[in-house]
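Chemist: sequence plus the predicted model coming up.
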Amino acid sequence: MEPTPPTKTRRLNRVETIVTALRQRLNDGEWPPGSRLPTEKQMCDEYSTSRATIRSALSELEGLGLVITRHGSGTYSAAASDSIRADLRLLESVTETVQRAGHKVEVEFHSMAIRAASASERKQLELNEGAEILITQRTIYADEVEVAFSQEVIPVARVGREAIGTSSDGSLFHMLEDHGLTVTSARTEIHAAVGETLNEHAPDELLVHLDQLHYLSDQTPVMIANTYFVEGRFQFSLVRLV
């Protein structure tokens, strides 16, 4: 994989900086629901950046359900929602998504065990026969309310048996980063599920199931994650263009 051009990296960093700033202003109530944000030109002048950067930032905010763009009219602050909004284009841990939405996140680990990988797991993670895997099971809470639970599979050889543990915030992305492994992409399948089919977890809840295989920058598969989000507490969005 070719390295990301420096100019593109700088632009992406600039976009994220502006997204963070505008999110804070929206959270602070500077633009109440239904009110119009400054024009693209005004924001270009305020942040000393290009229109393309501002449009990318507004597109991210729209994907998160925070603003609505009406062509020919402008961009408006969206109505507040109790659910946590997540942009499917953005690859980040569940804990980061909850925190970014302004909620207090807590992670409860139910189990963490090592066993030999199954044939299916070896195929997905490109492992040799006899390879060991770490399996974790977690529940994620936002403001003490359960919003998701998950099971992850990580090759022991990629993190080292002696180094296995959890990050201080319960994020497995951060645990991998602590060992020099940064997830850069994921193949994701989306399914519907019902809680009663998943043991004691949310027995009466409808769930959104994300079945993901995460990769490092060199396309080495590093983690299988099956995460179940409680419908109504998480809302996923994706901006689609003609």
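Modeler: Nice, thanks for sending it over. Numbers count the residues shown, from 1 in each chain.

Chemist: so how far is K123 from the one residue sitting closest to the centre of the chain?
Modeler: Using C-alpha atoms, centre = their mean, the residue of the chain that lies closest to the mean C-alpha position is E92, 3.1 Å off. Applying C-beta to C-beta, to the nearest Å, the value for E92 to K123 is 27 Å. (Each C-beta comes from the backbone N, C-alpha and C, glycine too.)

Chemist: cool, and F236?
Modeler: Here the criterion is C-beta to C-beta. By it, F236 lies 28 Å from K123.

Chemist: who does Q212 bridge with?
Modeler: T188, A225 (DSSP bridges).

Chemist: pretty sure it sits against A186.
Modeler: Yes - using C-beta atoms under 8 Å, Q212 is in contact with A186, at 4.7 Å.

Chemist: hmm, back to that, more neighbours: F236 and K123, which one.
Modeler: F236 (16 against 11; other C-beta atoms under 10 Å).

Chemist: element containing that one?
Modeler: strand 234-237 (DSSP states H and E).

Chemist: may I have that strand as CSV, with CA atoms only?
Modeler: The C-alpha coordinates for strand 234-237 follow below in CSV (Å, rounded to 0.1, in the frame of the first residue of the first chain):
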residue,chain,number,x,y,z
PHE,A,234,-27.2,3.8,18.6
GLN,A,235,-28.1,5.3,15.2
PHE,A,236,-25.9,4.6,12.2
SER,A,237,-25.7,6.9,9.2
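
Chemist: other SSEs contacting it?
Modeler: Under the contact criterion of 3 or more C-beta pairs under 8 Å, 6 or more residues apart in numbering; DSSP states H and E, strand 234-237 touches strand 84-87.

Chemist: give me the mean pLDDT for the strand holding F236.
Modeler: Strand 234-237 carries an average pLDDT of 81.

Chemist: and that strand, how far out from the chain's middle?
Modeler: Remark: strand 234-237 is offset 11 Å from the chain centroid, using C-alpha atoms, centre = their mean, to the nearest Å.

Chemist: show me the strands in this structure, by range?
Modeler: 67-70, 74-77, 84-87, 105-116, 132-142, 145-155, 185-194, 206-215, 221-230, 234-237 (DSSP state E).

Chemist: so which of those strands gets nearest E16?
Modeler: strand 84-87 (12.4 Å; C-beta to C-beta).

Chemist: which strands or helices does that closest one pack on?
Modeler: So strand 84-87, by 3+ C-beta pairs under 8 Å, 6+ apart, packs with helix 94-100, strand 234-237.

Chemist: that one pairs with which strands?
Modeler: Under the rule (DSSP bridges), strand 84-87 has strand 234-237 (parallel) as partners.

Chemist: buried ones in the strand it pairs with?
Modeler: Neighbour counts using 16 or more other C-beta atoms under 10 Å place F234, Q235, F236 of strand 234-237 among the buried residues.

Chemist: which residues touch the second one?
Modeler: Same thing as Q235. With contact taken as C-beta atoms under 8 Å, 6 or more residues apart in numbering, Q235 is in contact with G65, S81, S83, I84, R85, A86.

Chemist: I'd like the helices and strands packed on strand 84-87 written out as TSV, with distance to V19 added.
Modeler: Output for the helices and strands packed on strand 84-87, formatted as TSV (distance: least, C-beta to C-beta, whole Å):
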stretch	distance to V19
helix 94-100	10
strand 234-237	15
